[in-house]
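> Mind folding the following:
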Amino acid sequence: MAIKKMGGSTPSRRFMTGLSKKDLTSSKPHKGLSRILPKTGGRDSTGRISVRHQAGKQKRLYREIDFRRDKFDVPGVVSTIEYDPNRSTSISLVTYKDGEKRYILAPQGLKVGDSVLSGEKVEAKVGNASPLKNLPIGSVVHNIEMSPHSGGQLARSAGTYATLMAIEDNWAHLKLPSGEVRKIPQNCMATLGALSNSDWKNIVIGKAGRSRYKGKKPTVRGVAMSPRDHPHGGGEGRSPIGMKSPKSPWGKFTLGKRTRKKTKASTSLILQRRKH
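Below you'll find the model as predicted:
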């Protein structure tokens, strides 16, 4: 999608931008694949805030996405390209030969009328899904499983993709969007192509209310808080953080401090750490 300017005479509208929806073919979700998305406001069952900076949100429906792509050897045709308010990339409604309909993440270049297929051995074409072991080395993929039959978990955001570097000893070596090179079981499913909406990261929000529509509350600086609320708080007037390194609200170092647990089981699967 292309970036469009909102325009207007107010400071908030003057520089506001959004995504053009000319490429979308439908505005209403499929009734059988959508449900009401409940609001939590970032609060747990006791009513206390457990996730900060969440509240409000525009009322919306959740679209059921097929992350598994487990409908093998049944060809499908792309019926629509739709906007999904719950994710940054567009989604596609696929109608399969047996009449079933499913939503999938829409990769770049996928158009209405295109055919898609999932299976053990499929054509290396955008939108097709197959186990990593059967894809050509150098393939660009998204919606990648971390363990077989678990559903795609990696590279699901707008414009993202991973690159298949090698297949070795029943493991696929993937270079992820973060720059990390990681081993994934070769039987895991992945979808060919890079995801759509690569311009999503260039959107200018323009005003605080637009973040509120997304369910995002304002984030307050730690130095503006009291000492009981944040390690950076306290002091008379405008004061520095008062310590050698910045800290999180819970006192953890946040400047160059690696927070990944050394005993995490999947550490052995990382061949090259992500870029800092």
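> For the stretch 1-150 of the chain, which segments count as strands?
Applying DSSP state E, counting those that start in this stretch to the stretch 1-150 of the chain gives strands spanning 3-5, 17-19, 34-36, 61-63, 76-82, 91-96, 101-105, 115-116, 129-131, 140-142, 144-145.
> counting contacts, what elements does the last one pack onto?
Just to be clear, that refers to strand 144-145. The contact analysis (3 or more CB pairs under 8 Å, 6 or more residues apart in numbering; DSSP states H and E) places strand 144-145 against strand 152-154, strand 189-192. No exception for glycine: its C-beta is placed from N, CA and C like everyone else's.
> I'd like the next helix or strand past the first one.
In this case it means strand 152-154. Stepping forward along the backbone from strand 152-154, the first helix or strand reached (DSSP states H and E) is strand 162-168.
> For that next one, list every residue counted as buried.
Neighbour-count burial for strand 162-168, with 16 or more other CB atoms under 10 Å as criterion, is recorded at Ala162, Thr163, Leu164, Met165.
> Might one say that the first one is in contact with Ala155?
Right, Ala162. Yes - under the criterion of CB atoms under 8 Å, Ala162 lies in contact with Ala155, with a separation of 4.8 Å.
> and for those two, which residues touch both?
With CB atoms under 8 Å, 6 or more residues apart in numbering applied, the overlap between the contact sets of Ala162 and Ala155 consists of Val141, His142, Ile144, Leu176, Pro177.
> Tabulate the residues you listed (JSON lines), appending neighbour count, distance to Pro38 and pLDDT.
Putting the shared contacts of Ala162 and Ala155 into JSON lines (neighbours: other CB atoms under 10 Å; distance: CB to CB, whole Å; pLDDT from 0 to 100) gives the following:
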{"residue": "Val141", "neighbour count": "25", "distance to Pro38": "32", "pLDDT": "97"}
{"residue": "His142", "neighbour count": "26", "distance to Pro38": "28", "pLDDT": "97"}
{"residue": "Ile144", "neighbour count": "23", "distance to Pro38": "29", "pLDDT": "97"}
{"residue": "Leu176", "neighbour count": "19", "distance to Pro38": "31", "pLDDT": "95"}
{"residue": "Pro177", "neighbour count": "16", "distance to Pro38": "30", "pLDDT": "93"}
